[in-house]
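Visitor: Show me the folded form of this:
(2 chains)
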Amino acid sequence: MTRRDRSSAAPPWPVALPAALSLLFLGLPLLALLIKAPWGRLWSILTSPTSLQALRLSLETASAATVLAFIVGVPLAWVFARAEFPGRRLARALVTVPLVLPPVVGGIALLLAFGRRGIVGQYLDSCCGITLPFTTAGVVVAEAFVAMPFLVITVEGALRGLDTRFEDAAATLGASRLGVFRRVTLPLILPSLAAGGVLTFARALGEFGATITFAGNLPGVTQTLPLAVYVGLEGDPSEAVALSLVLLAVSVIVLVALRDKWLRAGAAS
Amino acid sequence: MTGTGVEGIVGRVVVSRTDFTLDVDVEVRPGEVVAVLGPNGAGKSTLLRAVCGLTPLTLGSLTLGGVVVDDPARDVLVASSERGVGLVFQDYRLFPHLSVLDNVAFGPRSAGRSRSQSRADAVAWVERLRLTALVDRRPHELSGGQSQRVALARALAAPRPHSCSTSRPPRSTPPPGSTYAATCATTCTSSRARRSS
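Guide: Here you go, the predicted structure:
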């Protein structure tokens, strides 16, 4: 037997068994969701005003949080990847905290910062009349807080891995620094921007803890899909299952749609 | 920037790194063709990078077409994009996300010309270098020789008010099989220089 034959042969059982178990472990709950879904009543549940309201609110806030993350997160990623300044490592660590912080804690921290009596929130309230907690804008803030690090980390990694030779070439062709960034750097990291955007959107869409803590659970205002699922579970479990199915479907659709895009972009480069 | 009345590329290029110091006097007169030869690691690329503004000088000073573009003692450093020095990189560095035509149009576009004007400029250069059949290709679809010609077209197409490149395009293309000697394949000619000659 040659080595090539061996490498394509079945893995030994101490590897194969745990591998199969983990696949089962990850797949089974999703399968259960599909099996136990109230398929007969699905349409009527999903088209109920409560569900539609939650679905629309979720899509709107998750999209807004993703856009917000792009606007401020991509420049931050660039600074982390390219600029040298004192405290850079500390700042970078700070950005990754929300990745591991329990979302509820994030919600409380947001309240202490941007709540009506928060260290910043009280001035927002008194000077500009801006109130974030328990508003739709608050949902966006909570989602962005939790999800933005995914974008920053992904894009920073891409910028670090990017070959600066192309940026040098652009500079000798007369492109300004901003021109180089816009016309060379951004297109070259497009696959990572898409990947980071997908992760951010998916994380924002599923956000629960920080949202309910900071923005509350007001139907039509701050009750996003995950919150509606939670509320549904206490009342009508089949409603919760149906809404969960929507979240699952949206996640799968987003992943599949964008996977195609970034595979093609990757193949072209 | 101070005018010194010195034409061409003149100066002393000193670039120090921890394990390496380049120290060379440069004097290239208008219209002159200069080959920089040396063993690996001698600093040929570093010299060209310094002239193009990609690597700042540690010491010395550099004058292009009578304008001081790098002088660490006086805190003068003109950005690469402002120098008007064309460079064909040894490894070409064609932008992988752009077609051949858009690669060549990159310089005109960077100079603020409209998309259609830039493309028109690019078409002219593409025709001169006999690349017309390749305009829609991506860099990864080109052979080495084709990449080289595209890189040359791209460098020449960039509008350079201080460079001879745009006013006097080469009449013939380099044969596809030819390779540039070491790293010295450049069109590093300061132009104001050429214009006065």
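Visitor: quick one: residue A:132 is in a helix?
Guide: No - counting by DSSP: H, G, I helix; E, B strand; the rest coil, residue A:132 is not part of a helix but coil.
Visitor: My guess is it contacts residue A:113. True?
Guide: No - the criterion here is Cβ atoms under 8 Å, and residue A:132 misses it with residue A:113 at 9.4 Å. All C-beta spots, glycine's among them, are computed from the backbone N, C-alpha and C.
Visitor: OK, contacts around residue 142?
Guide: Went with chain A since none was named. Contacts here follow Cβ atoms under 8 Å, 6 or more residues apart in numbering or on different chains; on that basis residue A:142 touches A:106, A:107, A:110, A:207, A:210, A:211, A:213, A:214, A:215.
Visitor: let's do chain B instead
Guide: B:94, B:100, B:134, B:150.
Visitor: Could you rerun that using 10 Å?
Guide: Neighbouring residues of residue B:142 by Cβ atoms under 10 Å, 6 or more residues apart in numbering or on different chains: B:92, B:94, B:100, B:131, B:134, B:148, B:149, B:150, B:151.
Visitor: So which of these belong to helices?
Guide: B:100, B:148, B:149, B:150, B:151 (DSSP state H).
Visitor: The fourth one touches residue B:133, doesn't it?
Guide: To tie it back to what came earlier, the one meant is residue B:150. No - the pair residue B:150 / residue B:133 is not scored as a contact, 11.9 Å apart, by Cβ atoms under 10 Å.
Visitor: ok, back up a step: and the ones in helices among the contacts of residue B:142 as a markdown table, adding pLDDT and distance to chain A?
Guide: A markdown table is the format used below for those (pLDDT from 0 to 100; distance: Cβ to the nearest Cβ, whole Å):
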| residue | pLDDT | distance to chain A |
| --- | --- | --- |
| B:100 | 95 | 14 |
| B:148 | 89 | 14 |
| B:149 | 90 | 16 |
| B:150 | 93 | 12 |
| B:151 | 91 | 9 |
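Visitor: and those, which are buried?
Guide: B:100, B:148, B:149, B:150, B:151 (16 or more other Cβ atoms under 10 Å in any protein chain shown).
Visitor: Kindly provide the distance from residue A:173 to residue A:112.
Guide: 50 Å (Cβ to Cβ, to the nearest Å).
Visitor: of those two, who's got more company?
Guide: residue A:173 (29 against 13; other Cβ atoms under 10 Å in any protein chain shown).
Visitor: can you list the residues of the stretch 101-250 of chain A near chain B?
Guide: A:163-177, A:179-180, A:183-184, A:186-188, A:190 (Cβ under 10 Å from any Cβ of the partner chain).
Visitor: Please pick the buried ones from those.
Guide: Neighbour counting with 16+ other Cβ under 10 Å marks A:166-176, A:179-180, A:183-184, A:187-188, A:190 as buried within those.
Visitor: from those residues, which ones fall inside helices?
Guide: A:166, A:167, A:168, A:169, A:170, A:171, A:172, A:179, A:180, A:187, A:188, A:190.
Visitor: still on that earlier bit, quick one: which of residue A:132 and residue A:113 has more around it?
Guide: Neighbours per residue (other Cβ under 10 Å) separate residue A:132 from residue A:113, with residue A:132 holding more: 25 against 15.
Visitor: domains of chain B?
Guide: As assigned by automatic domain parsing, chain B contains the domains B:9-83+B:189-196, B:100-179.
Visitor: Nearest to residue A:139, out of those?
Guide: Taking Cβ to Cβ, domain B:100-179 is the member of those nearest to residue A:139, at 39.9 Å.
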